[in-house]
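**Q** model the structure of this input:
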Amino acid sequence: MKEEKNKKSGIARLLEIAGRKKGLLFVSGFLSVMHALLSLVPYVLVFYIIRELTKENINFSLVNTYVIYAILAAIISMLVFFLSGVLSHIAAYNILFELRKFITAQVGKLPMGYLNNRNSGTLKKILSDDVERIENFIAHQIPDFVKGIALPIITIVYLFFRTGILLQSAVSHF
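**A** As a prediction, this is how the structure comes out:
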């Protein structure tokens, strides 16, 4: 009986291929989560601004503070997302370089007859096109995927937290 190796797939395989660049991918993911968090701050602050503007005695200095914080959060959010993208691209290009080196080293070990019977376009497709598809996934899809998961979770947690505070204050008035 032959023992079959458990072949990894998906994210587990990507992290295996990533090698020493795993850290960059994790930092990129963390920054993507921070972007998701910071991108919600202006919306929350708009809520507080509207709430303050609907009071009888408006505290304009508080409104100005909220506006400044909302603008800062939006700017920092964009910078963090940019940095996340830069790190994911650095990781992607380094991973592709290592992957191409590995593939060419393996091709160099093949018998000459194997290469004579193959089309050179096939090898080019593997080294260029197939490996390049991985770049798109690593550099673009991972940060977007992490943000796409984090944003709804952060929103739901905030809304449950906020609703709990509102319910608690409503109950205390009775």
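**Q** center of this structure, which residue is that?
**A** P143 (1.9 Å; Cα atoms, centre = their mean).
**Q** so L45 versus V80, what's the distance?
**A** 17 Å (Cβ to Cβ, to the nearest Å). All C-beta spots, glycine's among them, are computed from the backbone N, C-alpha and C.
**Q** which strands or helices does the strand or helix carrying L87 pack on?
**A** For L87, the host element (DSSP states H and E) is helix 60-109. When contacts are defined as 3 or more Cβ pairs under 8 Å, 6 or more residues apart in numbering; DSSP states H and E, helix 60-109 packs onto helix 10-18, helix 22-53, helix 131-136, helix 142-173.
**Q** check the offset of stretch 90-98 from the chain's centre.
**A** Distance, stretch centre to chain centre, for stretch 90-98: 17 Å (Cα atoms, centre = their mean, to the nearest Å).
**Q** an error on my part: the question was meant for stretch 66-75.
**A** For stretch 66-75, the distance to the chain centre is 22 Å (Cα atoms, centre = their mean).
**Q** repeat that for stretch 133-140.
**A** Stretch 133-140 sits 12 Å away from the centroid of its parent chain (Cα atoms, centre = their mean).
**Q** ends of it, how far apart?
**A** In terms of Cα to Cα, to the nearest Å, the two terminal residues of stretch 133-140 are separated by 11 Å.
**Q** and that stretch, what's buried?
**A** Buried positions in stretch 133-140, judged by neighbour count with 16 or more other Cβ atoms under 10 Å: 135, 138-139.
**Q** repeat for stretch 48-64
**A** Quick answer for stretch 48-64 (16+ other Cβ under 10 Å): 49, 52, 63.
**Q** quick one: low-confidence parts of this protein?
**A** Within the chain, the stretches with pLDDT under 70 are 1-6, 8-16, 18, 115, 120, 165-174.
**Q** what about I68, how many neighbours?
**A** Counted with other Cβ atoms under 10 Å, the neighbours of I68 add up to 11.
**Q** apologies, that question was intended for H35.
**A** Here the count is done by other Cβ under 10 Å, and H35 has 25 residues near it.
**Q** ditto for V44
**A** Applying other Cβ under 10 Å, I find that V44 has 16 neighbouring residues.
**Q** pretty sure it contacts Y158?
**A** Yes - V44 lies in contact with Y158 (Cβ atoms under 8 Å); the separation is 7.2 Å.
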